[in-house]
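Asks: Sequence and predicted model, in that order:
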Amino acid sequence: MPIKRHTKIKAGAHPYDAAWEVYFAQRLGVKMETHRTGKRTLLHLWKEQGGIGPVCTQPITAIERWHSHHIIWRTQGGRDSVDNLVLLHPNGHRQGQHRGLTVVKPCPARGKREA
């Protein structure tokens, strides 16, 4: 079994400082890819969104990459829970931050009624 080293947190980084918000979001993304519980969370979010990015409405695939986005930033009291996370494309993530767009969690798909 190969040895996996823990990546240390940078000196001076604080999870409740807005200047370090992006750094901790990137760390969360790595954790979601490498840990079993993180992979479950990632799969849950992907299924909940129907595999679609809520900002650009394009499919999220393993090839295209993704960013985890906090709906309510941790600096404002948000948590790392599934209820507060959404998957975005890197472009959608940048657009949301630079344009000041509010990202909302998509409604889960309901079962279709047959006529």
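Replies: It's in.
Asks: secondary structure class for the one residue sitting closest to the centre of the chain?
Replies: With distances taken as C-alpha atoms, centre = their mean, residue 68 lies nearest the centre of the chain, 1.5 Å away. Secondary structure state of residue 68, per DSSP: H, G, I helix; E, B strand; the rest coil, is strand.
Asks: going forward can the numbers begin at 151, since that is how I track them
Replies: With 151 as the first residue, the last one maps to residue 218.
Asks: On the strand side of things, show who it bridges to.
Replies: residue 237 (DSSP bridges).
Asks: quick one: it from residue 253, how far?
Replies: According to C-beta to C-beta, to the nearest Å, residue 218 stands 11 Å off from residue 253. The way it works is simple: take the backbone N, C-alpha and C, and place the C-beta from them, glycine included.
Asks: if I look at these two, which residues touch both of them?
Replies: Shared contacts of residue 218 and residue 253 (C-beta atoms under 8 Å, 6 or more residues apart in numbering): 236, 238.
Asks: picking that back up, can you name the residues that contact the residue nearest to the centre of the chain?
Replies: Residue 218 touches 175, 178-179, 182, 195, 235-238, counting by C-beta under 8 Å, 6+ apart.
Asks: swap in residue 186?
Replies: So residue 186 contacts nothing (C-beta under 8 Å, 6+ apart).
Asks: what are the phi and psi values for it?
Replies: phi -60, psi -50 (degrees, to the nearest 10).
Asks: what's around residue 239, how many residues?
Replies: For residue 239, the count of nearby residues is 22 (other C-beta atoms under 10 Å).
Asks: Could I get the pLDDT score of it?
Replies: On pLDDT, residue 239 comes in at 77.
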